[in-house]
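Student: Provided below are the primary sequence and the corresponding predicted coordinates.
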Amino acid sequence: MMLEFAVALFFTFGWMVLFVFRTEDLGETLPALTPGERWVSYGMIAAISVNTALGCIVITNMQISAIGAFFGVLVYGLGIGLWFWGRTQICPIGTKRVPNAAPMRFRRDGAFGLVRHPLYCGMLIASAAPLMATGRLVLLVPYAACVAVMLMRMIQEERLLRQQLGGEYESYQREVSRIIPYIW
């Protein structure tokens, strides 16, 4: 049971890093959003929280294999790594952006050359970690909720970026996949 507990703690506390190193201050961001954007933002937090909590409940109430734990931690690490790669391209760690401001620099390289939304892609990969560690299909339901709300938020952000950047962003949309490299 020590392995299960350690993996559950890793998945739980690992998300705190993303909230600490967010690109925008949550207190400034939420009031700047439209009601629909705010609803989706709260939905993302709720979906990730439920997915992580249920994943940790399942993990600590079953025996997972060392291979399952390894793949779960690996998937989680890859997701968080992609998130940080994209995050460091937005602005330096420790600094925050102004909510809904146009990008400081429009990036088409690095993580943003792989997918248009590397932070969300990283979060979706990390959200799949409990499912990978356990292999329990019941965890597809909360993971599907994570996918749904993050896709809604991506669509909202792309609408804003098209307004801010115009044709340059539309060209970028044709060249780089939204969330799955080279596919979609």
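Tutor: Nice, I can see it. Fair warning: this is a prediction, and the values are worked out from it, not measured in the lab.
Student: list phi and psi for residue 24.
Tutor: phi -130, psi 150 (degrees, to the nearest 10).
Student: roughly how far apart are it and residue 166?
Tutor: 22 Å (Cβ to Cβ, to the nearest Å). Placement of C-beta: from N, CA and C, glycine included.
Student: between those two, which one's more packed in?
Tutor: Neighbours were counted for residue 24 and for residue 166 using other Cβ atoms under 10 Å; residue 24 has more, 17 against 10.
Student: I'd guessed that one sits against residue 95; true?
Tutor: No: using Cβ atoms under 8 Å, residue 24 makes no contact with residue 95, being 10.5 Å away.
Student: who's in contact with residue 117?
Tutor: If you count contacts by Cβ atoms under 8 Å, 6 or more residues apart in numbering, residue 117 has them with 154, 157, 178-179.
Student: check contacts around residue 160.
Tutor: Residues near residue 160 by Cβ under 8 Å, 6+ apart: residue 100.
Student: confirm it sits in a helix?
Tutor: Yes: Residue 160 forms part of a helix when assessed by DSSP: H, G, I helix; E, B strand; the rest coil.
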